[in-house]
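**Student:** Below: sequence and its predicted model.
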Amino acid sequence: MIPTEFEYTAPESLDDALEALRAGGEDAKLLAGGHSLLPLMKLRLAAPTLLVDLRRVPGLSDVQRENGTLRIGAMTHHAALEDDPELGVVSHTARQIADRQVRHRGTIGGSLAHGDPASDLLAVVLACEGSVSVRSVEGMREIPAHGLFQDYLTTAIDDGEIVTEVRIPALEGYGFAYQKFMRRAEDWAMVGVCALVKARDGVCEDVRVGLTHMSSVPLRAAAVEEALRGGTLDRDAIARAAESAAEGTEPPGDLNATPDYKRHLARVLTRRALEQAAGLAE
Amino acid sequence: MSVSQPPETRGNGWVGQAIRRKEDPPLIKGQGNYVDDMTLPGMLHAVIVRSPEAHATITSIDKAGAEEHPTVVAVLTGEDLAAELAGPIPMVWAPPGVEIKTPEHWPLARGEVKHVGQAVAVVVGTDRYAVADAAEEVIVEYESLPAVVDPERALEDGSPFVWDDFCTNQTHEWAIAGGDAEGALRDAEVVVERRIVNHRTAGAPIEPRSSIGDPRGDGATLYSSTQIPHIARFVLSGMLGMAEDKIRVVAPDVGGGFGAKLQVYGEEALVLAVARRLGRPVKWTETRSEHMTTSHHGRDQIAHVTLGADREGKITAWKVRHVCDLGAYFQILTPFIPELGFPVAGGCYAIPNIKLEFVGVFTNKFATDAVRGAGRPEQTHMVEVMMDQLAAEVGIDPVELRRRNFIAKEQFPYETPLGIVYDSGDYHGSLDKLLEHVDMDAFRREQAELRERGVYRGIGLSTYVEVCGLAPSRAVGPQGVGLQAAFWESAVVRVHPAGSATVYTGTSPHGQGHDTGFAQIAADRLGLDPANVEVLHGDTDQGPMGWGTYGSRSLAVGGESVGRAALKVQEKAKRICAAMLEAAPEDIELADGKFQVRGSPDKAMTMVEIAGAAHIPPQELPTDIEPGLEETSFYDPENFVFPFGAHACVVDVDAETGKVEVVRWVAVDDCGPAINPMLIDGQVHGGVTHGIGQALYEQIVYDDEGQLVTGSFVDYALPTASEVPMFETDRTETPSPVNQLGVKGVGEAGTIAASPAVVNAVTDALKPLGIAYMNMPLTPMRVWQAIEEARGRGGGGPARTEQGRDVGEHGTGAAGSGPTSPGEGGAL
């Protein structure tokens, strides 16, 4: 890797990291797992003047449960998420990210802060109606997932802020699934669908569907949710609802997938994810 | 063809054993020594400024900004280095009677660029990072010219030219025929035509290229990640105007080649030229993006295939016209690679009438050249795909159809209509063995049951034959096919005074396992343990000239040469032993690791004792036996060798998404008697993975402006272990009469066999949907689009807009008239 020249610091407290970030100015970048930033630097598409490495900042990799809410430290590696089945849909999805080597480096906070709509956990946090906690020199604030993702690689996190934790509310009684479609196991999602379903006596009490890579930001498939919520939950209902999965999406086309194909995949994967989450898969 | 008598080889019984690879421990422990690991005193680093334009005139180059960098030593352009370069990068094919339009090709552009990534200037300095920064400050101004990307359009009237001076984009046309294919096609009861696209791929070794030029006095050393150090010296001698004795080329550990390093690249001449100019060592290491852009690509052929047969499925004629996208410039073998497949045109079938035409085309892309099988995968792919197309056309099971057309065991040596002599084979035998592993009746029952449940499972066969073991020099050389080279191989076997041995081979392995396999061959003939036989290679100052490792030639030519040199040593060892034991040399036999008097095993000497006597002669040794124990062999085979086999691929196709999953692979390969079965398995695993890669995943894609779209492993989808099944391998062993070992090559067999098996399996799976044929790569979107079209819906999307003119691949009959692939060819 032959990037342009940059300074590097690995502060040992959150306050020091915030100060280093402030002092570094607009071309300073935070370094978490590096699996998005370093390839960009290698290709010289990104040229930060300072990297503030968060690996020595204490307390950023803890996972706690507080009144049912999961509080996942921003520096928690995908591999740690994968290995903790208590984390439900987060663990289930983390297992599908790239390969084990990448999962040992990549972090949940880094992934959310980077805001790549092809990354898997964004749609999951969105569907779970989670939030991120961010710290700046001014103090702490919480950004709900629905307000976090603004555009391609653009989030509501300000330059001087550091994500400290990701909060996932208690989702007692929800079934879940993440259906990811890609060419190779290690690839980014061509399309991904996160489904959360709460049902009682065959009736859908609540349903959430998050879409990966169907726009410049992760999306909720609102039409699908509306079609199912409060109604009978069976395979036919799911199949009908899933037909609306691509409504309101603007999937970016690329070498491997036209927008039409991605819309088709969204419908198929939504149906499969809902069936799996509802325990109705064949 | 003479048939060699098998010599005495069973002295130790090492040949045939699956011993572990001697080369692995240092590599696993991080003790490998690759070019980029090397740092020489005073070494400079080079970064190359490359063209972002596919076709342009260079109007100015401003070096000032880069030269101002404090650690930069020099910024050099093509004009600046003219004095250091005596000749351009050569292309070595001169087929008798055929003119090949060959543009001058220099390591750095001179006034114009013809493809993205063409080297325009080189920046050299003491700091690798600063040099990369400085390279961004070389300001090159271009005047864009229209780019030609699609090879078929390049041949149409009105197409812009890649080379104006030639007034055409056609590089050459080469043809070969035997029998009367046109007449047989006129008379054929069944004619099947397809347009088969074999798309552009990359070699993609794990280690990118790297080279260091190290000047010393009036000579220089090149350390380079190459498959052909001796050829490189030969070629660089001409390019640099230096005598060969002044150039040393060293290939240290090389991390894979796959043909991409069967090349002499401009950068290799460049580091030598710059190093000599500056008087300091200069290193250049390719980035992965550079590898995808400017290490040669492979394939990129469009074949118009016409097959004639009778209603019983007996093939009477095989005719192919190939349009071959060669890129803008030639590398060392560029226009020859498509034709390299001609010896196996028609595959393992007795087809009396064959006609092949090859048309080469310039486009504004990087050169194609030898990659993973080089010409033979293309020929094998089309014939094996066509067998299944014909089977559907005449309504005969693909297994039975193959059996009806196989060359029979009794027909070997078999001369094809093109005058090629297949050395040995048992095609029924390998297919029979395959079917011992694959119960076709059970599969068809399972397939039918799964289809009821909407699961599309398919099976595809590939019964291949390939040609390898380049030489014979006289057939391939100037008076034969026209390569300005020869292809014999050399070996030196040297037994040291205390009884261990060193073997020097002119081949140059980069992962294959020569250190182990060649040691087994030598050990059996010397009465040693392979652990005490070191195999050295890859240094022009160490052993005699040799022609390198490519085309699955190393064992059948290089390994045979090692065997022959070792036998010469054995012969001398017997004379020494006989003198010491007061016996006749012809009474000495090598058995159980000892040289012993026949019938008196108690009268015996070990190689350790004989080596001692050879180097420190005792009184009993006659003076007419020269001291020392070392022999050399130069071996030029009388024919190629023709490995063959039968592979079966089982796929599941998700008919909703178009995704293909390979769920089972069974490979039965025949490369003659196994030297080391584990090495064979390894080669087959890797080869099949590459074939699956081409069939389903990998493709080099340029856009309409000639920009490379697949510049990294994100977009160039090399498969990983996750994408392939556990491979089931088995073998048959049909010795070749060509060499004493009886061996054939196996390095490319998997790749050559694999891609048609995948395509046939997918076609089989989707038959109920009315899909008759699709071109590779069978990406999910393409398969989905084909399914949508078959269902009369049309998959939509821009990838299909290129395809309006594709009609040739549609079949002529009911089975072949189904919808075909959207999205194909280089211009996706």
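**Tutor:** Looks like it arrived, so ask away. Numbers count the residues shown, from 1 in each chain, chains lettered A, B, ... in the order given.
**Student:** Number of residues surrounding the residue of chain A found nearest chain B?
**Tutor:** Here chain A gets closest to chain B at one residue, A:Thr258, 2.9 Å apart by C-beta to the nearest C-beta. No exception for glycine: its C-beta is placed from N, CA and C like everyone else's. Using other C-beta atoms under 10 Å in any protein chain shown, A:Thr258 is surrounded by 21 other residues.
**Student:** Need the pLDDT of it.
**Tutor:** In this prediction, A:Thr258 carries a pLDDT score of 97.
**Student:** which residues sit in contact with residue 110?
**Tutor:** Going with chain A. A:32-37, A:74-75 (C-beta atoms under 8 Å, 6 or more residues apart in numbering or on different chains).
**Student:** Hmm, no, I was thinking of chain B.
**Tutor:** B:78-79 are the contacts of B:Arg110 under C-beta under 8 Å, 6+ apart.
**Student:** And the pLDDT at the residue lying closest to A:Ile2 once chain neighbours are set aside?
**Tutor:** Closest residue to A:Ile2 apart from its sequence neighbours, by C-beta to C-beta, 6 or more residues apart in numbering or on different chains: B:Ala132 at 4.6 Å. Per-residue pLDDT puts B:Ala132 at 96.
**Student:** What does B:Ala132 show for phi and psi?
**Tutor:** With angles defined as degrees, to the nearest 10, B:Ala132 sits at phi -60, psi -40.
**Student:** same check, this time on B:Cys324
**Tutor:** phi -110, psi 120.
**Student:** how about the residues of chain B that lie near chain A?
**Tutor:** B:128-129, B:132-133, B:136, B:287, B:289, B:656-657, B:659, B:697, B:701, B:709-710, B:712, B:714-715, B:717, B:719-720, B:722-723, B:779-781, B:784-785, B:795-799, B:828 (C-beta under 8 Å from any C-beta of the partner chain).
**Student:** give me the element the nearest residue to B:Arg731 once chain neighbours are set aside is part of.
**Tutor:** The shortest distance from B:Arg731 to any non-neighbouring residue, by C-beta to C-beta, 6+ apart, is to B:Asp669 (5.7 Å). Here B:Asp669 sits within strand B:660-670, counting by DSSP states H and E.
**Student:** Quick one: mean pLDDT for that strand?
**Tutor:** The average pLDDT within strand B:660-670 is 98.
**Student:** Run the chain-centre distance for it.
**Tutor:** Relative to its parent chain, strand B:660-670 has a centroid offset of 20 Å by C-alpha atoms, centre = their mean, to the nearest Å.
**Student:** Which of the residues of chain B next to chain A are buried? Put it as a ChimeraX command.
**Tutor:** Selection of buried members from these for ChimeraX, criterion 16 or more other C-beta atoms under 10 Å in any protein chain shown:
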select /B:128,129,132,133,287,289,656,657,659,697,701,710,715,717,719,723,779,780,781,784,785,795,796,797,799,828
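**Student:** if we can go back for a sec, next, work out how far apart the residue of chain A closest to chain B and B:Ile787 are.
**Tutor:** Counting by C-beta to C-beta, to the nearest Å, the gap from A:Thr258 to B:Ile787 is 15 Å.
**Student:** swap in B:Arg194?
**Tutor:** From B:Arg194 across to B:Ile787, the span is 19 Å (C-beta to C-beta).
**Student:** And for B:Asp180?
**Tutor:** 41 Å.
**Student:** what about those two, which has more around it?
**Tutor:** Between B:Asp180 and B:Ile787, B:Ile787 has the larger neighbour count (other C-beta under 10 Å), namely 23 against 17.
**Student:** and the residue nearest to A:Val268 when sequence neighbours are not counted, what element?
**Tutor:** Leaving aside its sequence neighbours, A:Val268 sits nearest to B:Glu656 (C-beta to C-beta, 6+ apart; 4.9 Å). Assigned by DSSP H and E, B:Glu656 belongs to no helix or strand.
**Student:** what does stretch A:176-185 contact?
**Tutor:** The contact list for stretch A:176-185 (C-beta under 8 Å, 6+ apart) reads A:88-89, A:92-93, A:96, A:99, A:120, A:124, A:188-197, A:212, A:256, A:265, A:269-270, A:272-274, A:276-277, B:657, B:659, B:697, B:717, B:719-720, B:722-723, B:779-780.
**Student:** how does chain A divide into domains?
**Tutor:** Following the assignment in automatic domain parsing, chain A carries domains at A:7-53, A:175-277.
**Student:** Next one: the residue lying farthest from the centre of chain B from B:Leu185, what distance?
**Tutor:** No residue in chain B sits farther from the centre than B:Gln619, which is 53.2 Å out by C-alpha atoms, centre = their mean. According to C-beta to C-beta, B:Gln619 stands 78 Å off from B:Leu185.
**Student:** Could you do B:Ala614 as well?
**Tutor:** Distance from B:Ala614 to B:Leu185, by C-beta to C-beta: 65 Å.
**Student:** same check, this time on B:Ile58
**Tutor:** B:Ile58 sits 50 Å away from B:Leu185, going by C-beta to C-beta.
**Student:** just to revisit the earlier point, tell me which of the domains of chain A sits most buried.
**Tutor:** domain A:175-277 (a mean of 22; mean count of other C-beta atoms under 10 Å in any protein chain shown).
**Student:** Quick one: end-to-end length of it, please.
**Tutor:** With C-alpha to C-alpha, to the nearest Å as the measure, domain A:175-277 spans 5 Å from end to end.
**Student:** can you pull out the strands in the stretch 51-200 of chain A?
**Tutor:** A:63-66, A:69-73, A:131-136, A:139-144, A:149-151, A:154-155, A:162-168, A:175-181, A:191-200 (DSSP state E, counting those that start in this stretch).
**Student:** picking up where we left off before, B:Ala614 and B:Leu185 - which one has more neighbours?
**Tutor:** A direct count of neighbours by other C-beta under 10 Å for B:Ala614 and B:Leu185 places B:Ala614 higher, at 25 against 20.
**Student:** how much space is there between the residue nearest to A:Leu121 when sequence neighbours are not counted and A:Ser91?
**Tutor:** Counting by C-beta to C-beta, 6+ apart, A:Ser111 is the residue found nearest to A:Leu121 once chain neighbours are left out, at 5.2 Å. Separation of A:Ser111 from A:Ser91 (C-beta to C-beta): 14 Å.
**Student:** Just confirm A:Gly115 contacts A:Tyr152, I think it does.
**Tutor:** Yes: using C-beta atoms under 8 Å, A:Gly115 is in contact with A:Tyr152, at 7.4 Å.
**Student:** Sheet partners, orientation included, of the strand holding B:Asp669?
**Tutor:** Strand pairing for strand B:660-670, determined by DSSP bridges: strand B:644-653 (antiparallel), strand B:727-731 (parallel).
**Student:** which of these sits most buried?
**Tutor:** Greatest average neighbour count among the strands paired with strand B:660-670 goes to strand B:644-653 (a mean of 28), per mean count of other C-beta under 10 Å.
**Student:** So what's the gap between that strand and the chain middle?
**Tutor:** Using C-alpha atoms, centre = their mean, the offset of strand B:644-653 from its chain centre is 21 Å.
**Student:** Could you do stretch B:334-345 as well?
**Tutor:** 12 Å.
**Student:** With stretch B:95-115 instead?
**Tutor:** 23 Å.
**Student:** end-to-end on that stretch?
**Tutor:** 26 Å.
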